[in-house]
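> Sequence isn't available, so here's the structure alone:
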């Protein structure tokens, strides 16, 4: 059987917590590299395939995210049935093959189809990593571990565009896909040798559609799960728009195309520090207080930045500073909202992670597509989208908590 063939090391015999965190972060980082390393290559791809509109190059990013969102619906139930480890091995193997296929794409349509498929199989890492963390930790301990994973994961957006730029200095854009395949195979080898199975036998679930639908209903009917998932969807919409339009903002608004990797790194670097800070303070102040404070700060920073841009006060330096602050606030929201959404999902963590991931990623990618397609040569559409999505998230959280913001988790 698949689960016995790929059973591998036991949970107790191999990984310490430090290596576990690094490996889980490396798995999740596959998606950040798959997205962010492509940013410097978007103009070259658009030129080679003669895309009709400059905004069409955003589809290389957005369609990956859409595939990533839809794919999560399948990996969670598979992980609950066959185990986390064998499904990760399968997903990583397919990712490497699809990356090579994209490198040999002969048309923009085939490239986009390959990107959708890459995102769909890469979804295995997001779903199963979160499920493994939920297998091993609960409550604020889960939030601390997720923050450490997120901290290491967020180093990748700082360096990934520079990686793409470095590849382009010596080879055509197709070589970036070869690098992605090599990375996938490298962490596949690491995971195959060292990764334990974390699924408890009593939590193994059937692939019977009725069982899966039952899990979906439980997620949708749980107030915390659906509320924080929808809030995360709104926030992910703003993040999707930022990533998809970052190359155009830097090149077209600030006329600094050569600085795309540097600007992206300068904006993203504070997120890693914020995730580390969250892992230190969440135990003291609690998931709700830190997450809600981060969301309120995101609304305030977004509104200020939007107003300054409308008033014509925007500059590259100001954009980097305020976008960096916004991403810090985003980091404080995301880890804690994810943990809150999984609070009551312990016995079907894989399916729950899948359902929540589908909603937040697909919904967020579509929101990001709308915001991104509104790009008009200024930062105003993006900043308007950031502020409005943050406001929507705040309203959703307030309704979910029945107006009681920043209160600690109830005892028991």
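All right, it came through fine. The model shown is predicted, which means the values in this text are computed figures rather than measured ones. Numbers count the residues shown, from 1 in each chain.
> What is the neighbour count of the residue nearest to residue 162 when sequence neighbours are not counted?
Among residues not flanking residue 162 along the chain, residue 261 sits closest, at 4.1 Å (Cβ to Cβ, 6 or more residues apart in numbering). Yep, even glycine has a C-beta here, placed from its N, CA and C like the rest. The number of residues packed near residue 261 is 22, by other Cβ atoms under 10 Å.
> what number of residues lie near residue 113?
Neighbour count for residue 113, taken as other Cβ under 10 Å: 17.
> Tell me the first helix or strand C-terminal of the host helix or strand of residue 329.
Residue 329 is part of helix 316-341 when elements are defined by DSSP states H and E. Downstream of helix 316-341, the next assigned helix or strand under DSSP H and E is helix 349-373.
> which helices and strands sit right next to the helix or strand hosting residue 112?
Counting by DSSP H and E, the element that carries residue 112 is helix 108-136. Identification of packing neighbours for helix 108-136 by 3 or more Cβ pairs under 8 Å, 6 or more residues apart in numbering; DSSP states H and E yields helix 17-36, helix 42-49, helix 59-82, helix 84-103, helix 139-153, helix 349-373.
> Leaving out chain neighbours, which residue sits closest to residue 137?
When the adjacent residues along the chain are set aside, residue 137 lies closest to residue 145, with 5.2 Å between them (Cβ to Cβ, 6+ apart).
> these two touch, right, the one you found and residue 134?
No - counting by Cβ atoms under 8 Å, residue 145 stays clear of residue 134, with 9.8 Å between them.
> Mind checking which of those two has more residues around it?
residue 134 (26 against 22).
> Would you quantify the distance from the more buried one to residue 330?
Here the criterion is Cβ to Cβ, to the nearest Å. By it, residue 134 lies 22 Å from residue 330.
> give me the number of residues near the residue nearest to residue 165 when sequence neighbours are not counted?
Spatial nearest neighbour of residue 165, excluding adjacent residues (Cβ to Cβ, 6+ apart): residue 40 at 4.5 Å. Residues within reach of residue 40, counting by other Cβ under 10 Å, total 26.
> Now do the contacts for residue 40.
By Cβ atoms under 8 Å, 6 or more residues apart in numbering, the contact set of residue 40 is 161, 164-165, 168, 247, 260-261.
> lowest-confidence helix or strand of this structure?
The weakest-scoring helix or strand in the chain, judged by mean pLDDT, DSSP states H and E, is helix 2-5 (a mean of 38).
> any weak-confidence spans in the stretch 101-250 of the chain?
Filtered on pLDDT under 70, the stretch 101-250 of the chain yields the residue ranges 138-144, 146-148, 150-154, 202-207, 211-212.
> picking up where we left off before, which pair of the contacts of residue 40 spans the longest distance?
Spatial extent of the contacts of residue 40 (Cβ to Cβ) is set by the pair 168 and 247 at 12.5 Å.
> Looking at these two, which has the bigger crowd around it?
Shown here are residue 168 and residue 247; by other Cβ under 10 Å, residue 247 has more neighbours (24 against 16).
> dump the residue contacts of that one.
The neighbours of residue 247, taking Cβ under 8 Å, 6+ apart as the test, are 39-40, 42-43, 57, 257, 260.
> one more time with 6 Å, if that's ok
Applying Cβ atoms under 6 Å, 6 or more residues apart in numbering, we find residue 247 in contact with 39, 42, 260.
> now, among the residues you listed, which is nearest to residue 407?
Nearest to residue 407 among the contacts of residue 247: residue 39, at 39.8 Å, using Cβ to Cβ.
> And the closest one, how far from residue 96?
For residue 39, the distance to residue 96 - Cβ to Cβ - is 21 Å.
> between those two, who's got more neighbours?
A direct count of neighbours by other Cβ under 10 Å for residue 39 and residue 96 places residue 39 higher, at 25 against 22.
> wait, what's in contact with the more buried one?
161, 247.
> same thing with residue 265?
Contacts for residue 265 (Cβ under 6 Å, 6+ apart) come out as residue 158.
> what angle separates the helix or strand containing it from helix 42-49?
If you go by DSSP H and E, residue 265 is part of helix 260-285. In terms of direction (axes from the mean of the first three to the mean of the last three Cα atoms, to 10 degrees), helix 260-285 departs from helix 42-49 by 130 degrees.
> and the next helix-or-strand element following helix 260-285, what does it pack onto?
Counting by DSSP H and E, the element after helix 260-285 in chain order, helix or strand, is helix 287-310. Packing partners of helix 287-310 (3 or more Cβ pairs under 6 Å, 6 or more residues apart in numbering; DSSP states H and E): helix 316-341, helix 380-400.
> what about residue 109, neighbour count?
The number of residues packed near residue 109 is 10, by other Cβ under 10 Å.
> Residue 173 is in contact with residue 41, correct?
Yes - with contact defined as Cβ atoms under 6 Å, residue 41 counts as touching residue 173 (3.9 Å).
> For those two, work out which one has more neighbours and name it.
Neighbour count, other Cβ under 10 Å: between residue 41 and residue 173, residue 41 has more, with 24 against 19.
> Tell me who's in contact with that one.
Residue 41 sits next to 164, 173, 176 when contact means Cβ under 6 Å, 6+ apart.
> ok, now with 8 Å
So, once contact is read as Cβ under 8 Å, 6+ apart, residue 41 ends up touching 164, 168, 173, 176.
> Spit out the contact partners of the closest residue to residue 45 other than its chain neighbours.
In space, and not counting its chain neighbours, residue 45 is closest to residue 173: 5.8 Å by Cβ to Cβ, 6+ apart. By Cβ under 8 Å, 6+ apart, the contact list for residue 173 reads 41, 44-45, 48, 167.
> of the residues you listed, closest to residue 314?
Looking across those and measuring by Cβ to Cβ, the closest to residue 314 is residue 41, at 26.3 Å.
> Please tell me how far the closest one sits from residue 168.
Note on residue 41: its distance to residue 168, by Cβ to Cβ, is 6 Å.
> Next: residue 209.
Per Cβ to Cβ, residue 209 is found 46 Å from residue 168.
> cool, residue 19 as well?
As judged by Cβ to Cβ, residue 19 and residue 168 stand 33 Å apart.
> now residue 80
Residue 80 sits 41 Å away from residue 168, going by Cβ to Cβ.
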